[in-house]
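# Sequence first, predicted model second:
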Amino acid sequence: MNAILMSGSTPMGGNPQRGHFGRALIAGAALEALLIGGILWVGSHTPPPKPMVPEKKIIAIHMVQPAPPKPTPIPPLPKPVVQPKPIPKPVPRPTPVPQPIIHHAPAPKPLLAKAPTPTAPVYTPPAPTPPAPPPPPAPSPATQQDAIASYAALLRARVQAGTRVPEEVRLMHTGGTAMIAFRLTPSGQLLSARVAQSSGVGPIDRAALHAVQEENYPPFTKDMPKHDMDFAVQVHLSAHRDE
């Protein structure tokens, strides 16, 4: 430091050429340090060289089949000896015999049978259809009412006989009468059924309705109207009634 400062000025009584030499020496040292530093910096930031991969060589192998061996030549067959053909002797031709001439008579033509002349069909009037028997006379209103009343009594008896007392009614020690209304076809088929008047006891109503629904009814009698009809039966159940 003292030397650099001293080299900037020429001391009194010193040599001026010596001062210039010192400055050149310092500048050269600084330039050399910068050059070395630059080389080191470039070397640290330069990526390493890629390793050299040896190039793969493809070797083509061709399979060559050996030539088949030559077949052994077959010796030629001896030529057959051809015998000369014998000369055929001429055969004498037979003398033709004259054939008699036969004259064929023409075949007679078949006689065609004459088709009979169609005659006009004879109209036969259809036999008269016998008149349908007259329908039976309708029963009188009184006869119909008697037939309906008899049929309704039959229904009440069959429904009452088919009713079973539920176990709930036996345990409650009670009884009651339910009215069931239902509708029948002339063939005796049940169309609908309902509780028209309750007994006040649910098990009794259900048992009476079930008895009406499960019963098989006979068809209407001949004196009854031939249309659907409504009926009503009273079903009485009691805990003391025997099954």
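Nice, thanks for sending it over.
# Which strands and helices lie in contact with the lengthiest helix in the chain?
Once the chain is assigned using DSSP state H, the helix that runs over the most residues is helix 16-45. Packing contacts for helix 16-45, counted by 3 or more C-beta pairs under 8 Å, 6 or more residues apart in numbering; DSSP states H and E, involve helix 2-8. The C-beta positions use only the backbone N, C-alpha and C, and glycine is treated the same way.
# just the strands in this structure please.
175-184, 190-197, 229-238 (DSSP state E).
# for the second one, which positions count as buried?
By 16 or more other C-beta atoms under 10 Å, the buried positions in strand 190-197 come out as 193, 195.
# Each with direction, which strands does it pair with?
strand 175-184 (antiparallel) (DSSP bridges).
# Please name the residues that touch the spatially closest residue to residue 232 that is not a sequence neighbour.
Computed as C-beta to C-beta, 6 or more residues apart in numbering, the closest residue to residue 232 that is not its neighbour in sequence is residue 181, at 4.6 Å. Neighbour list for residue 181: 193, 194, 195, 196, 230, 231, 232 [criterion: C-beta atoms under 8 Å, 6 or more residues apart in numbering].
# if we can go back for a sec, average pLDDT across the longest helix of the chain?
Helix 16-45 comes out with an average pLDDT of 75.
# Turn the strands of the chain into a markdown table, including mean pLDDT and distance to residue 71.
As requested, the strands of the chain are exported to a markdown table (pLDDT from 0 to 100; distance: least, C-beta to C-beta, whole Å):
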| stretch | mean pLDDT | distance to residue 71 |
| --- | --- | --- |
| strand 175-184 | 93 | 111 |
| strand 190-197 | 94 | 107 |
| strand 229-238 | 92 | 115 |
